[in-house]
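>>> Please work out how this folds:
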Amino acid sequence: MDIETAANIGEAASGIAILFTLIFSLRQIRYWNENRRYEIGRDLANHLSDPLIHRGFSVSMMKLHEDITMQEINELTREEKNAMNAMMIGINNIGLLAMYGHLSMDLVEGFYGRYIRIFGPRWRQTVKVFSAATAFAMGLDDNEESMWDGLLWLMDNLKKPESEESQ
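Below you'll find the model as predicted:
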């Protein structure tokens, strides 16, 4: 075997090694993405499993309505207000992550879609009343709702699943 043949065999072997390395790297990336998606789903499930969040949904069901006033919000107990804060801030954070592409909409839809569609109008009114009261208390001219951008974005961007739209 001459030196040129040996060089060609070595070059072919290194090309095959590079190809296997690339295939292995792609497999690792795919595995990492699947694992990360699982972890994110687990985090969303843990958020929904928190008793304080359950209490927030209960308050949303029993005490909030689409015409709620600041007086009615003030009449909530401290525990009810804390539960609403925890729930709405948590969902707002999830909305911000989804809005900026850090969280997939199909995961958000799977975990939160129904809740947002059921309670969304009540939460929107609560945000509107709360933001107006905050703006008034702070002497702002306009109604500043930007602290709730994630929650409002989710309410505007989550679509009904096809099975619900056809009914």
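
>>> all contacts plus neighbour counts: C-alpha atoms, from now on.
Noted.

>>> And the next helix or strand past the helix or strand harbouring residue 35?
Remark: residue 35 resides in helix 3-49, with elements defined by DSSP states H and E. Past helix 3-49, further along toward the C-terminus, the next helix or strand under DSSP H and E is helix 51-62.

>>> hmm, back to that, quick check: angle from the helix holding residue 35 to helix 51-62?
For helix 3-49 against helix 51-62, the angle between stretch directions is 60 degrees (axes from the mean of the first three to the mean of the last three Cα atoms, to 10 degrees).

>>> average model confidence for helix 3-49?
On average, the pLDDT along helix 3-49 is 91.

>>> Against which helices or strands is that helix packed?
Secondary-structure packing of helix 3-49 (3 or more Cα pairs under 8 Å, 6 or more residues apart in numbering; DSSP states H and E): helix 105-137.

>>> For the very next helix or strand once past the helix it packs on, C-alpha coordinates in CSV please.
The first helix or strand that comes after helix 105-137 along the chain, using DSSP H and E, is helix 149-157. Extracted C-alpha coordinates of helix 149-157, given in CSV (Å, rounded to 0.1, in the frame of the first residue of the first chain):
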residue,chain,number,x,y,z
ASP,A,149,-49.1,41.5,29.6
GLY,A,150,-48.6,37.7,29.8
LEU,A,151,-52.0,37.0,31.1
LEU,A,152,-53.8,39.3,28.7
TRP,A,153,-51.7,37.9,25.8
LEU,A,154,-52.7,34.3,26.7
MET,A,155,-56.4,35.3,26.8
ASP,A,156,-56.0,36.9,23.4
ASN,A,157,-53.9,34.1,21.7
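
>>> Break the chain down into its domains, please.
Structural domains annotated on the chain: 1-49, 51-160, as defined by automatic domain parsing.

>>> Deepest-packed of those domains, please.
Ranked by mean neighbour count, these are led by domain 51-160 with a mean of 16 (mean count of other Cα atoms under 10 Å).

>>> And that one, how far out from the chain middle?
How far domain 51-160 lies from its chain's middle: 13 Å, per Cα atoms, centre = their mean, to the nearest Å.

>>> where's residue 4 relative to residue 12, distance?
To residue 12, residue 4 is 12 Å away according to Cα to Cα, to the nearest Å.
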